[in-house]
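S.K.: structure of the sequence below:
(chains A and B)
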2 protein chains.
Amino acid sequence: MSRIVMKFGGTSVGNTERIRNVAQRVIREAAKGHEIVVVVSAMGKTTDELVKLAKDLASEPSKREMDMLLSTGEQVTISLLTMALKHMGQDAISYTGWQAGIGTESIHSNARIEHIDSTRIEQSLRDGKVVVVAGFQGMDSFGELTTLGRGGSDTTAVALAASLNAKQCDIYTDVDGIYTSDPRYVDHARKLSELSYDEMLELANLGAGVLHPRAVEFAKNYGIPLSVRSSLSDEEGTILLEEPTMEKNLIVRGVAFETEIVRLTIGYEIPFNGSLAKIFTTLAKNHINVDIIVQSIMEGTQPSVSFSIKKEDFAECIQVLETNKENLGYQSSNFEIGLAKVSIVGSGMVSNPGVAAQMFDRLRIEGIPVKMVSTSEIKVSVVVPEVDMIRATKALHDEFGLAAIPV
Amino acid sequence: MSRIVMKFGGTSVGNTERIRNVAQRVIREAAKGHEIVVVVSAMGKTTDELVKLAKDLASEPSKREMDMLLSTGEQVTISLLTMALKHMGQDAISYTGWQAGIGTESIHSNARIEHIDSTRIEQSLRDGKVVVVAGFQGMDSFGELTTLGRGGSDTTAVALAASLNAKQCDIYTDVDGIYTSDPRYVDHARKLSELSYDEMLELANLGAGVLHPRAVEFAKNYGIPLSVRSSLSDEEGTILLEEPTMEKNLIVRGVAFETEIVRLTIGYEIPFNGSLAKIFTTLAKNHINVDIIVQSIMEGTQPSVSFSIKKEDFAECIQVLETNKENLGYQSSNFEIGLAKVSIVGSGMVSNPGVAAQMFDRLRIEGIPVKMVSTSEIKVSVVVPEVDMIRATKALHDEFGLAAIPV
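M.R.: This next block holds a predicted model:
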C-alpha cells in the first residue's frame, strides 16, 4: 500500500458541486488501495472576500489577525470535503494546519514550514481514513496561527508528502500539465510528460504560474515526485523528477515569455565607486523587483548598468532613483518601454554550449533585435521588442523541436 | 482595575459597520480603566450559510465536521474586531476557543465547558491588550474542535468571567433588557433593573429568548453578575443577581406566554402497570419535548395522563404513540389544539402562598378557562385557549402590579 498526497486548489473546490467531484476523485484513488492525504485551499473567491472585509476595517490590518482571518478559508473546505466523503461512504477526517502538526516559523502572512509532527495523520491513516488537511496554514511554537503566503497550499502538500514518505504528490489544478509553451499563443505547444525540478523552477519564475517555486524547491530537496494534472479529466499530467527519463533528447523543454518589461540604463561617472551595489540595495529595499542586470565597462566610455523591471514597478522605480540621485551618485539615465522577455529552459543546455548561439541565430534570421541577454545553466532569456514576443516564442519553439506535430 | 467580560451576538457584529460600532463601545469601556475580554459570535447569517453548504453535501453531516465548519464563523469575527480595535488605536489580540484555553467534553455540537486555562488571556491582559475570544467553541482533551450548542457564546462569556474573576459579564444584544412581559403585546410592560438567576431561568425556559438557560445557570453557579443590555444604546440593561435588592416588593416579576400548545390525554386500563414511565421515556427517546404533565387517578374512573407539547411536535408524537401502542399499553387517547401557556414568574412566590390562587381568581373573573396547571417554587403556568392568551397575559400583568405606569 502506498501513500499519495493529493492537492486541490481554490478553483477545484469553488462550490459544493466541485467539492463533490473532488470527493469522487479521492474515492477513486483510495479504491486503488492507496493511503490518501488530501490538501485543499480555500474555496474560490473566499480569500478575496475575507480580505475585502479586513480592508474595510483597517487600512493596514494586523498580519497576525489576517492569518487568523484567512486560515478560516481552508478550514471551511476541509470540513465540507470530509462531509462529502463520509456521505459517499468513504471514512475521512479533517485536520486544520495545527491539528495536522504543521509547525512554522513565528512569522505572519509568509511563514515557512519548520517541521511536521504527523502523529495524528499517521494514526488516522492506520484507521483507514482519508485525511483532509487545510493547506496554506500552520502554527508556530507559541500556538499562534500562521499562513504560508503565496503557493502555500502546494507547499503544504509537498511538505506533507515528504514527512509522510508519500510515493508521490499530485497537484490537481485547472490546467492538465506543464506545456512546452503557452498553448493559447503557440500552436502545437505540447504537454510534457516529465520535467526536472530545476526546469520547473525556471519556468515557474518565468511566470508559468501553475506551481509555486517554493513547492518545487521543497519537492526537489526531498526528492518527492510531484505531478501537475487536471482536476477535471483523468489524463496523466506532467511529473517533476530530479532527472526526467523520457524525452531525454530534448535539450530545450520549454519557451516562456513575459510582457511589459522596461529596460533602464544608468550611466556613472569615472571612477566607478561601488554605487552598483548601492543602487540595487536601494531598489530592493523599496520592493522594486529587478530581473536581468547587464553591466558593461569599456575603456574610454562612461560605465553604465542596464536592468529590466516590470512595467508596473516603473513609476516607483523612477521615484526611488530620483529621490536617491545624490546618494547613488549616477549621472545619466534612460529607459526603453514596450519590451518583453522570451526564455528557453532545459537542463540539457548545460552540456550543449551551442544552445544560446542557436537561439540568437534564429532570432537574427527572424529579424528580431535582442536588447538584453541573461543566461543561467539551464535557461537563456532575451529581452526583445514586445511586438516581436509571440513571433520569437513561436520561432524558438520550432527551432528547438518542441512542437507536438513536427512543422 | 476591574475586569469585565463583554459579549456581542451575531446581529451586533453582522457587518463591518456594526463591528466598528462594537469596537468603539469596547474602547469606551477600556478607557474607564477596565481590563476587557470581549466574546463574539459569528457574523449575522454566517452560520446559516455554512449550514446550507453542509446540507448541500451531506443529508446528515458528521457532527465533528460541523464543529470544524461552524467554528470558523467566530474566528472570522474575532480577527475582524481585533483589526478594527487596533486600527482605532486600541491594542488588542484575538484568540480562538482553543487558544483561549476553553476545554470541553469530547462531544460534538453540544459540548459543555469543563475547564478553562486562562494563561494566555491573563498574559495578554497584563500586556494591556483587549482580548477578543471566539464564543461558542472549545477544544476537547484530544485536540478536537468542539462547539457548545445553543446559547454557546453566552456560556463562553459567563465561563470566562468566572475563570477570570471578572467583576461582571455584560451580554450586549438587540433588546435593552428583560421586561415584565413582551412589550410588543403588553402595554406598559416595564424593563426590570434587576432579576434573580432563577427567575431568569424560568423566563428563559418559557421562551424569553434573550439569554440561554445554560449561561444563566453558569452565572448562578459562580455568582457572576450578568447583565443584558442593548448594543445600540448606552442605557443600563437588566442585571441578574442571586437576590435582587431593587423592586423587592414585586412578588411576581414577569408574565411570559407561549403559543401553539397541544394537550394530549391518554387513558389506561386498570390496573395501571408502570406504563407512565414507559410512555415518557419513549417520547423522550423520539425527541418529543413534553412540557406540563398532569396525572389524575380517581376511584372508579379510568386512570389518565394529560401532557402538553408544542404543535410542531404533534405529528411525530402521534406517530410515536401509534407505533408503540401495543408496547405502551394505553387504550384511549384524545387531544386538544388551539391552546397556549401563560406563566407568572417571581421568587417572591415561595413565601406568598396565595399567588396561584390570586392568578386563578383573576382568570376566573376574566372568564378565561384554565385547561392545565403546573407550578414550581417560583412559577405558575396555566394552559388556556390560545384566543385568550394575550388577554390573560395583560390581566395578570395588571393583577400583579407590573405596569410601568399604574393602570
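
S.K.: can you give me the strands for the stretch 1-150 of chain A?
M.R.: A:3-8, A:35-40, A:92-95, A:102-104, A:113-116, A:130-134, A:137-139, A:145-147 (DSSP state E, counting those that start in this stretch).

S.K.: tell me the strands beside the fifth one, with direction?
M.R.: The strands beside strand A:113-116 in its sheet (DSSP bridges) come out as strand A:102-104 (antiparallel).

S.K.: surely residue A:142 is in contact with residue A:107?
M.R.: No - under the contact definition of Cβ atoms under 8 Å, residue A:142 does not touch residue A:107, with a separation of 11.7 Å. Every C-beta, even on glycine, is put in place using the N, C-alpha and C of the backbone.

S.K.: give me the more crowded residue out of those two.
M.R.: Just comparing residue A:142 and residue A:107: by other Cβ atoms under 10 Å in any protein chain shown the higher neighbour count belongs to residue A:107, 16 against 8.

S.K.: tell me which residues touch the closest residue to that one other than its chain neighbours, please.
M.R.: What sits nearest to residue A:107 in space, not counting adjacent residues and going by Cβ to Cβ, 6 or more residues apart in numbering or on different chains, is residue A:146, at 6.7 Å. Counting by Cβ atoms under 8 Å, 6 or more residues apart in numbering or on different chains, residue A:146 touches A:67, A:104-108, A:111, A:137-140.

S.K.: any idea how far residue A:146 is from chain B?
M.R.: The gap separating residue A:146 from chain B is 13 Å, by Cβ to the nearest Cβ, to the nearest Å.

S.K.: domains for chain A, by residue range?
M.R.: A:3-174, A:255-399 (automatic domain parsing).

S.K.: wait, isn't residue A:178 in contact with residue A:192?
M.R.: Yes - taking contacts as Cβ under 8 Å, residue A:178 lies within contact range of residue A:192: 5.3 Å.

S.K.: overlap of the contact sets of those two?
M.R.: Joint contacts of residue A:178 and residue A:192 (Cβ under 8 Å, 6+ apart) are A:238, A:254.

S.K.: as a check, name the ranges of all helices in chain A.
M.R.: Assigned by DSSP state H, the helices in chain A fall at A:16-31, A:46-57, A:63-87, A:119-126, A:152-163, A:197-205, A:213-222, A:275-285, A:314-323, A:325-328, A:355-365, A:389-399.

S.K.: who does the fifth one touch, helix- and strand-wise?
M.R.: If you count contacts as 3 or more Cβ pairs under 8 Å, 6 or more residues apart in numbering or on different chains; DSSP states H and E, helix A:152-163 packs onto strand A:3-8, strand A:35-40, strand A:102-104, strand A:113-116, strand A:130-134, strand A:137-139, strand A:168-173, helix A:213-222.

S.K.: re the thing from before, turn the strands of the stretch 1-150 of chain A into TSV, including mean pLDDT.
M.R.: Formatted as TSV, these follow (pLDDT from 0 to 100):
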stretch	mean pLDDT
strand A:3-8	97
strand A:35-40	98
strand A:92-95	98
strand A:102-104	97
strand A:113-116	96
strand A:130-134	98
strand A:137-139	98
strand A:145-147	97
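
S.K.: which one of those strands lies nearest to residue B:318?
M.R.: strand A:92-95 (38.8 Å; Cβ to Cβ).

S.K.: against which helices or strands is that closest one packed?
M.R.: Packing partners of strand A:92-95 (3+ Cβ pairs under 8 Å, 6+ apart): helix A:63-87, helix A:119-126, strand A:130-134, helix B:63-87.

S.K.: flag every buried residue along the first one.
M.R.: Across helix A:63-87, burial judged by 16 or more other Cβ atoms under 10 Å in any protein chain shown covers A:64-87.

S.K.: also near chain B: which of the residues you listed, exactly?
M.R.: By Cβ under 8 Å from any Cβ of the partner chain, the members of the buried residues of helix A:63-87 lying near chain B are A:64-66, A:68-69, A:71-72, A:75-76, A:78-80, A:82-84, A:86-87.

S.K.: rewinding a little: quickly list what the residue nearest to residue A:107 is bridged to.
M.R.: Residues in beta-bridge contact with residue A:146 (DSSP bridges): residue A:138.

S.K.: and residue A:122, how far from chain B?
M.R.: Taking Cβ to the nearest Cβ, one finds residue A:122 at 15 Å from chain B.

S.K.: any idea of the pLDDT on the residue in the stretch 251-400 of chain A positioned nearest to chain B?
M.R.: When distances are taken as Cβ to the nearest Cβ, the stretch 251-400 of chain A reaches nearest to chain B at residue A:287, 22.9 Å away. Predicted confidence (pLDDT) at residue A:287: the value is 84.

S.K.: over to residue A:161?
M.R.: At residue A:161, pLDDT is 97.

S.K.: mind checking how far stretch A:384-397 is from the chain centre?
M.R.: Distance, stretch centre to chain centre, for stretch A:384-397: 23 Å (Cα atoms, centre = their mean, to the nearest Å).

S.K.: okay, now the closest residue to chain B within the stretch 101-250 of chain A: neighbour count?
M.R.: Per Cβ to the nearest Cβ, residue A:143 is where the stretch 101-250 of chain A lies closest to chain B, at 6.1 Å. Residues near residue A:143, counting by other Cβ under 10 Å, number 12.

S.K.: let me know whether it touches residue B:99 as I believe.
M.R.: Yes - counting by Cβ under 8 Å, residue A:143 does reach residue B:99; the two are 6.1 Å apart.

S.K.: any common contacting residues for these two?
M.R.: By Cβ under 8 Å, 6+ apart, the residues touching both residue A:143 and residue B:99 are residue B:120.

S.K.: about what we covered before: just say which of the domains of chain A is most tucked in.
M.R.: domain A:3-174 (a mean of 21; mean count of other Cβ atoms under 10 Å in any protein chain shown).

S.K.: distance between the ends of it?
M.R.: 23 Å (Cα to Cα, to the nearest Å).

S.K.: what of stretch A:379-396?
M.R.: 13 Å.

S.K.: so for it, mean pLDDT?
M.R.: Per-region confidence: stretch A:379-396 scores 95 on mean pLDDT.

S.K.: sorry, back to before: any idea which of the contacts of residue A:146 is closest to residue B:229?
M.R.: So of the contacts of residue A:146, ranked by how close each gets to residue B:229 (Cβ to Cβ), first place is residue A:67, at 33.0 Å.

S.K.: give me the beta-bridge partners of the closest residue to residue A:261 other than its chain neighbours?
M.R.: Of all residues not flanking residue A:261 in the chain, residue A:339 sits nearest, at 4.3 Å (Cβ to Cβ, 6+ apart). Bridge pairing for residue A:339 (DSSP bridges) gives the partners residue A:261, residue A:385.

S.K.: check contacts around residue A:339.
M.R.: A:261-263, A:308, A:371, A:383-386.

S.K.: mind running it again at 6 Å?
M.R.: A:261, A:263, A:383, A:386 (Cβ atoms under 6 Å, 6 or more residues apart in numbering or on different chains).

S.K.: for the third one, what are its contacts?
M.R.: Put plainly, it is residue A:383. Per Cβ under 6 Å, 6+ apart, neighbours of residue A:383: A:261, A:308, A:339, A:341, A:371-372.

S.K.: what do you get if the cut-off is 10 Å, keeping everything else the same?
M.R.: Contacts for residue A:383 (Cβ atoms under 10 Å, 6 or more residues apart in numbering or on different chains) come out as A:258, A:261-263, A:291-292, A:294, A:306, A:308, A:336, A:339-342, A:369-374, A:389.

S.K.: all good on my end, thank you.
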